[in-house]
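**Q** after the sequence you'll find the predicted model.
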Amino acid sequence: MKILIVDDEDLLVKGIRFNLQQDGYTVISGSNGLDAVELTKTERPDLIVLDVMMPEMDGLTACARIREFSDVPIILLTAKVEDMDKLMGFEQGADDYLTKPFNILELKARIRALLRRSATQQAQNTDQLTIGSITLDLNARNAYRAGTLSDLTAKEFDVIEFLMRNPNRVYSREALLDTIWAYEYRSDIRTVDVHIRRLREKLEEDPANPQYIMTKWGVGYYFKK
């Protein structure tokens, strides 16, 4: 599991990183709210530990920004103890709250609890498939980018569903034709390229620099998780 730690106190980040790595987590870090938003988009962590008081962008603002495109569990860290500050954190989308100074064992326990809860919710939510900012409603066959409905054709939905169900696995054009079109267009593999281009236009924030629907040059296409 990948944990993102965002705090402008270098020693605190190093201490948390060391302890979490001892438990087998992959740890990435940032030092301000802007880092938190960008690293959530690019690294897609399984959980975020986010300080409230930081330069450039505070943790509450960063939490609200992250909630615009991700439901990743977030633990807020703060030196404040007022109930109103905690309520503001929860209103911005935080899942838990820890006041500094804290015991590292308590932080690790809260991380484990949130990861278990997140895994349970994902297992129960079988009618949806979400990776990063892209969500598929499998019952209604609708696709959403950052919560906004994208108008996909039936075959476009079939392609993106197949790739998202098999993330990080590269498929050749021929393999996609065999699977999605069942040889219907076997004589023209360019139809795959056309559908991939349209999917990028509809689901990627920047189609020219996709984050999810990727090309493996000389091989084929894959969905990056």
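**A** Nice, I can see it.
**Q** the longest helix in this structure is where?
**A** helix 104-124 (DSSP state H).
**Q** can you map out the strands along this protein?
**A** 2-6, 26-30, 47-51, 74-78, 96-99, 128-131, 134-137, 142-145, 148-150, 213-216, 220-223 (DSSP state E).
**Q** can you tell me what sits against stretch 146-165?
**A** The contact list for stretch 146-165, computed with C-beta atoms under 8 Å, 6 or more residues apart in numbering, reads 68-69, 129, 131, 133-136, 138, 141-144, 171, 176, 179-181, 192, 195-196, 198-199, 202-203, 205, 213, 221-223. (C-beta placed from N, C-alpha, C; glycine too.)
**Q** quick check: domain ranges of this structure?
**A** According to automatic domain parsing, the chain comprises the domains 2-124, 128-223.
**Q** could I get those domains as a markdown table with mean neighbour count and mean pLDDT?
**A** A markdown table is the format used below for these (neighbours: other C-beta atoms under 10 Å; pLDDT from 0 to 100):
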| stretch | mean neighbour count | mean pLDDT |
| --- | --- | --- |
| domain 2-124 | 17 | 87 |
| domain 128-223 | 16 | 88 |
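**Q** could the strands of the chain go into TSV alongside distance to residue 111?
**A** TSV is the format used below for those (distance: least, C-beta to C-beta, whole Å):
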stretch	distance to residue 111
strand 2-6	7
strand 26-30	11
strand 47-51	6
strand 74-78	7
strand 96-99	9
strand 128-131	21
strand 134-137	25
strand 142-145	28
strand 148-150	31
strand 213-216	30
strand 220-223	27
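**Q** the nearest residue to residue 196 once chain neighbours are set aside pairs with what?
**A** Among residues not flanking residue 196 along the chain, residue 221 sits closest, at 5.6 Å (C-beta to C-beta, 6 or more residues apart in numbering). Residues in a beta bridge with residue 221, per DSSP bridges, are residue 171, residue 215.
**Q** dump the residue contacts of residue 221.
**A** 163, 170, 171, 173, 176, 192, 196, 213, 214, 215.
**Q** try 10 Å this time
**A** 159, 163, 170-173, 175-176, 192-193, 195-196, 199, 213-215 (C-beta atoms under 10 Å, 6 or more residues apart in numbering).
**Q** go on, residue 33?
**A** By C-beta under 10 Å, 6+ apart, the neighbours of residue 33 are 6, 8, 50-52, 54-66.
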